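Visitor: what follows is a protein structure lacking sequence information:
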């Protein structure tokens, strides 16, 4: 009897979930006045067009949105399963600021959502915006980077990071529309569009159809800049340029893995500067190393569109002397190597790409190019491998990446000192469950590395040195170094040592397709097997749900304060650039 009752309850819950009408944009969306967005209604059953009524603030929706939506009698999902009927209106716009209530009635089904449409200031507060994103940047990354780079004496830091002294601060919530835990696609998309979305989605609301490129779109900041200004646009990343964070500046897809399509979206928008890795998705399929499945040669297409091409540090340095109006730099077929591998260990893919520029080089080159535009610019700079090295718990590489990211912040601050009409924003897209808990001292007696972990007064201070004054520790493996650990992990062997042979791979799949501790580290002296607290499907640590810290300085930065959502951050950016000013609403 209990089993039957439970089944009936479960069926009722599932049926109720499946039968809910969904309206995009979702309720509580904040929408920039004049900004195009796709309006979609998903109905849970097949209905007739004449049975559907949609109003906005009590009037037929066409009065507000400008035209009628396409009625889809039978919207289909996987295996051609009919999901219900739908209405779709591409490129809708609302020109007047205010609160809007959307009411949908279809037979006995009703649904209501509310939107806030906002204008911005009439005149821009900032001529330039430099948005610096440390992917996965957590408080512990900052703390560890400061101690590593600047040192500490008697409990006080011997120096400060460039990001430490930015005037204004906020805490930012990073959750997705479908989960409290998030990824870089949804989070950066929210920063770059003002609309929260689902995990893995970029510039769209994730709808119920299986196709990844037909979901309801929202305007990205690059598109808004093209629509309303003559400003230059730059995108810089140490990841593949098609990766989630840089892609969010221009892209519209439900699936962040649509990297070949994302290259096409970059080409559509044509940012004035594009610098990073990921050349494999620009090359036609016949080219060795290509990851495309067609014959499009996007490198040639970009060159034909007036871009100068740089493939290494030397060519990037030479680019400032060219007459080309635009710059494309692709320095690795995949993600670029970490600063620790490039400058010290020479691991990863450095042997294949020995002359990669760093984030500082790319930021300097981007600012040189973009500042030629008299109307100003928007530049997004991502330190990608803070995150990429935190997933496998390769903390030394992650902290070196944080130092490099902070140096890029320093470049931005130097530019702003000479150009005070520049807004600088520094933040992360999500956090990791990472903490600095003390030190690891190789000179403690014994062979058990676990016993060499010092906490409280026993921690003392690490003995990193920076004799050449470049801001990076000369050695990643001094005798006493930071003890950094994660709150979440798969099964793995903790070695308590920097990974000098190459980036850490903590877990590998066994014959059951489960991730188990990588036996390559089993025989490292003093290694400890840690039984994971993540599902066996996880091969590395995962993101945390903790708020991220945002800091900013320059015109408009006073609006960053307290607790904010990522969509609120976009609103401040839009206001600083006057993207929704009364004069620009309706501009094309």
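Guide: Thanks, I have it. Source: prediction; values computed, not measured.

Visitor: so what's the closest residue to residue 38 other than its chain neighbours up against?
Guide: Here the nearest residue to residue 38 in space, its sequence neighbours aside, is residue 216; by CB to CB, 6 or more residues apart in numbering that works out to 3.7 Å. (C-beta placed from N, C-alpha, C; glycine too.) If you count contacts by CB atoms under 8 Å, 6 or more residues apart in numbering, residue 216 has them with 24-25, 37-40, 88, 204-205, 207.

Visitor: just the strands in the stretch 101-250 of the chain please.
Guide: Secondary structure of the stretch 101-250 of the chain (DSSP state E, counting those that start in this stretch): strands at 109-118, 128-134, 152-153, 156-157, 168-173, 232-240.

Visitor: quick one: buried residues of the fifth one?
Guide: Buried residues in strand 168-173, counting neighbours by 16 or more other CB atoms under 10 Å, are found at 168, 170, 172-173.

Visitor: dump those residues into CSV; add pLDDT and distance to residue 109 as well.
Guide: Output for these, formatted as CSV (pLDDT from 0 to 100; distance: CB to CB, whole Å):
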residue, pLDDT, distance to residue 109
168, 98, 46
170, 98, 39
172, 98, 36
173, 98, 31
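
Visitor: take those and write them to CSV, including distance to residue 532.
Guide: Written out in CSV, the entries for the buried residues of strand 168-173 read as follows (distance: CB to CB, whole Å):
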residue, distance to residue 532
168, 39
170, 34
172, 29
173, 27
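
Visitor: closest one of those to residue 53?
Guide: Of all the buried residues of strand 168-173, the one sitting nearest residue 53 is residue 173; the distance, using CB to CB, is 35.1 Å.

Visitor: ok, that closest one - contacts?
Guide: Listed by CB under 8 Å, 6+ apart, the contact set of residue 173 reads 547, 563-566.

Visitor: try it again with 7 Å
Guide: By CB atoms under 7 Å, 6 or more residues apart in numbering, residue 173 lies in contact with 547, 563, 565.

Visitor: number of nearby residues for the first one?
Guide: Around residue 547 sit 18 other residues, with neighbours defined as other CB atoms under 10 Å.

Visitor: so what's it closest to, chain neighbours aside?
Guide: Leaving aside its sequence neighbours, residue 547 is closest to residue 171 (4.2 Å, by CB to CB, 6+ apart).

Visitor: do the last one as well
Guide: In this structure, residue 565 finds its nearest non-sequential neighbour in residue 173, 5.2 Å apart by CB to CB, 6+ apart.

Visitor: mind putting the strands of the stretch 101-250 of the chain into CSV with distance to residue 186?
Guide: Rendered in CSV, the data for the strands of the stretch 101-250 of the chain read as follows (distance: least, CB to CB, whole Å):
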stretch, distance to residue 186
strand 109-118, 19
strand 128-134, 14
strand 152-153, 36
strand 156-157, 34
strand 168-173, 12
strand 232-240, 16
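
Visitor: closest to residue 408 out of these?
Guide: Among the strands of the stretch 101-250 of the chain, strand 128-134 comes nearest to residue 408, with 6.3 Å by CB to CB.

Visitor: pairing partners for the closest one, with directions?
Guide: Sheet pairing of strand 128-134 (DSSP bridges) gives strand 377-383 (parallel), strand 422-428 (parallel).

Visitor: what angle separates the last one from strand 168-173?
Guide: Relative orientation of strand 422-428 and strand 168-173, computed by axes from the mean of the first three to the mean of the last three CA atoms, to 10 degrees: 40 degrees.

Visitor: C-terminal to strand 422-428, what's the next element?
Guide: Beyond strand 422-428 on the C-terminal side, the first helix or strand identified by DSSP states H and E is strand 431-432.

Visitor: can you list contacts of that next one?
Guide: When contacts are defined by CB under 7 Å, 6+ apart, strand 431-432 is touched by residues 136, 138, 390, 486, 541, 543-544, 546, 548.
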